[in-house]
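Chemist: Let me see the structure of the following:
(chains A and B)
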Amino acid sequence: MKIEILKEIIKKKLSDEQFAVLTNLSNGSSEIYKIGIPLSNNFINYKNDIENYYNLKKSGVINNTEILIQNYIKPIEVIIIGAVHITQYLIKFLKDLNFDVTVVDPREYFTTKQKFQNIKIINKWPEEFFKNIQTNSNTALITLSHDPKIDEPALKHALKKKFFYIGALGSKKTHKNRCKRLKDEGFNDKEIDSIHGPIGIKLGGKSAPEIALSIVAQLVSETNKYKNL
Amino acid sequence: MTQPFIDTILEEAISWIESNKQVVLATVVQTWGSSPFQIGSKMIIDEKGNFLGSVSGGCVETSVITECVELIKSKNSFKKIDFKVSDENAWNVGLACGGEMTVFIEQIN
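Modeler: Residues are numbered from 1 along each chain as shown, chains lettered A, B, ... in the order given. The predicted structure is shown next:
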């Protein structure tokens, strides 16, 4: 592979838009592909297959050819509400798992730089935060602030936008009360049941890293189910 | 099965080249059966056999590294390597999982 192509891939990764790298395994040539960009002679004969794999976000060698397509797609975005102690452990796991993480907490004193290096921190109330960003079902929400004033506007937004994963920290009792409030706000049972609450799978741990692990295990499991739909 | 944006192996490849290393990129391009790593998994190897990243759970790394060092010496720019359990070398290579995989190795230049 030419170093220019390698540099181009690295540059394209910063744009957050889907692209693919095509390689002809019989002559070693590579090029970058996006819908709408014309293919070179090395790949033009495989146009339909390439488009098909690209649209399905599928990577691999196209059947009965020597053409490899590797799709680069934007990572799943995880929005965490509440820059609490658990959050610090959670973001470590999430980074290794290639999630794109944003932490939202209006309380600036919770989000000091020492605690959250190299993480997008937004010191806004969730209502305000969600007004300014585009979200869709390809997003996960984890609410950890414990404070309904902060958590619930985010939960409502995630339910409306049908996030593929919504998890809310809190005991069974807290969650029951939360569900009741959401019901009063007009959400139906199916929507409310889509919230994972109390959040996480049962590990039996009580420490912050153990809770973070139980949340991340549930998120990964749900993410794999979602991706394979 | 998609390439993670956050994986930094390609960035590492650039920094190796900038420090005057000869670099081969190895990519898993096909898998069958219970191969542990997914298509697109990558490893970079220099002329001395130093490596970063991974193409399997460790089973075929040694063999891939040897092939990459040979590729640099041979002046060829790429090679496709099949690892199959039915191969005579399977025992040496050690795809104990019973899977099969194809790894594409290419010089970056």
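Chemist: low-confidence ranges in chain A?
Modeler: Scanning chain A for pLDDT under 70 picks out A:228-229.
Chemist: just so I have it, where are all the strands in chain A?
Modeler: Secondary structure of chain A (DSSP state E): strands at A:19-24, A:30-33, A:60-61, A:67-72, A:77-81, A:100-104, A:120-122, A:139-143, A:165-168, A:195-196.
Chemist: Can you add mean neighbour count and give these back as JSON lines?
Modeler: The way it works is simple: take the backbone N, C-alpha and C, and place the C-beta from them, glycine included. Shown next, in JSON lines, are the strands of chain A (neighbours: other C-beta atoms under 10 Å in any protein chain shown):
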{"stretch": "strand A:19-24", "mean neighbour count": "22"}
{"stretch": "strand A:30-33", "mean neighbour count": "19"}
{"stretch": "strand A:60-61", "mean neighbour count": "19"}
{"stretch": "strand A:67-72", "mean neighbour count": "23"}
{"stretch": "strand A:77-81", "mean neighbour count": "25"}
{"stretch": "strand A:100-104", "mean neighbour count": "22"}
{"stretch": "strand A:120-122", "mean neighbour count": "17"}
{"stretch": "strand A:139-143", "mean neighbour count": "26"}
{"stretch": "strand A:165-168", "mean neighbour count": "24"}
{"stretch": "strand A:195-196", "mean neighbour count": "20"}
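Chemist: just checking, B:Gly49 touches B:Glu70?
Modeler: No: using C-beta atoms under 8 Å, B:Gly49 is not in contact with B:Glu70; the gap is 10.5 Å.
Chemist: tell me, what residue is most central in chain B?
Modeler: B:Ala26 (3.3 Å; C-alpha atoms, centre = their mean).
Chemist: what are the bridge partners for that one, then?
Modeler: With DSSP bridges applied, the residues forming beta bridges to B:Ala26 are B:Met43, B:Ile105.
Chemist: so it makes contact with B:Leu71?
Modeler: No: with contact defined as C-beta under 8 Å, B:Ala26 does not reach B:Leu71; the gap is 9.6 Å.
Chemist: Excluding covalently adjacent residues, which one is nearest to A:Glu51?
Modeler: A:Ile35 (7.1 Å; C-beta to C-beta, 6 or more residues apart in numbering or on different chains).
Chemist: Pretty sure that neighbour sits against A:Asn52.
Modeler: No: in this structure A:Ile35 lies outside contact range of A:Asn52 using C-beta under 8 Å: 11.5 Å.
Chemist: Would you pull up how far the strand or helix carrying B:Leu71 lies from the middle of the chain?
Modeler: Assigned by DSSP states H and E, B:Leu71 belongs to helix B:61-74. The chain centre lies 9 Å from the centre of helix B:61-74; the measure is C-alpha atoms, centre = their mean, to the nearest Å.
Chemist: can you check stretch A:55-66 too?
Modeler: 24 Å.
Chemist: Which parts of chain B are helices?
Modeler: Ranges of helices in chain B, per DSSP state H, are B:9-18, B:61-74, B:90-93.
Chemist: how about JSON lines for those helices, with mean pLDDT and distance to chain A added?
Modeler: Formatted as JSON lines, those follow (pLDDT from 0 to 100; distance: least, C-beta to the nearest C-beta, whole Å):
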{"stretch": "helix B:9-18", "mean pLDDT": "94", "distance to chain A": "6"}
{"stretch": "helix B:61-74", "mean pLDDT": "93", "distance to chain A": "11"}
{"stretch": "helix B:90-93", "mean pLDDT": "54", "distance to chain A": "20"}
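Chemist: With mean neighbour count and distance to A:Lys149 as extra columns, can I get those in CSV?
Modeler: Listed next are the helices of chain B as CSV, based on neighbours: other C-beta atoms under 10 Å in any protein chain shown; distance: least, C-beta to C-beta, whole Å:
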stretch, mean neighbour count, distance to A:Lys149
helix B:9-18, 16, 41
helix B:61-74, 18, 52
helix B:90-93, 14, 59
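Chemist: one step back: which residues outside the helix holding B:Leu71 are in contact with it?
Modeler: Residues external to helix B:61-74 that are found in contact with it (C-beta atoms under 8 Å, 6 or more residues apart in numbering or on different chains): B:22, B:24, B:26, B:43, B:45, B:47-49, B:51, B:54-55, B:77-79, B:81, B:83, B:89, B:92-93, B:103, B:105, B:107.
Chemist: Emit the ChimeraX select command for whichever of those are buried.
Modeler: Remark: buried members of these, expressed as a ChimeraX selection using 16 or more other C-beta atoms under 10 Å in any protein chain shown:
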select /B:22,24,26,43,45,51,54,55,77,78,79,81,83,93,103,105,107
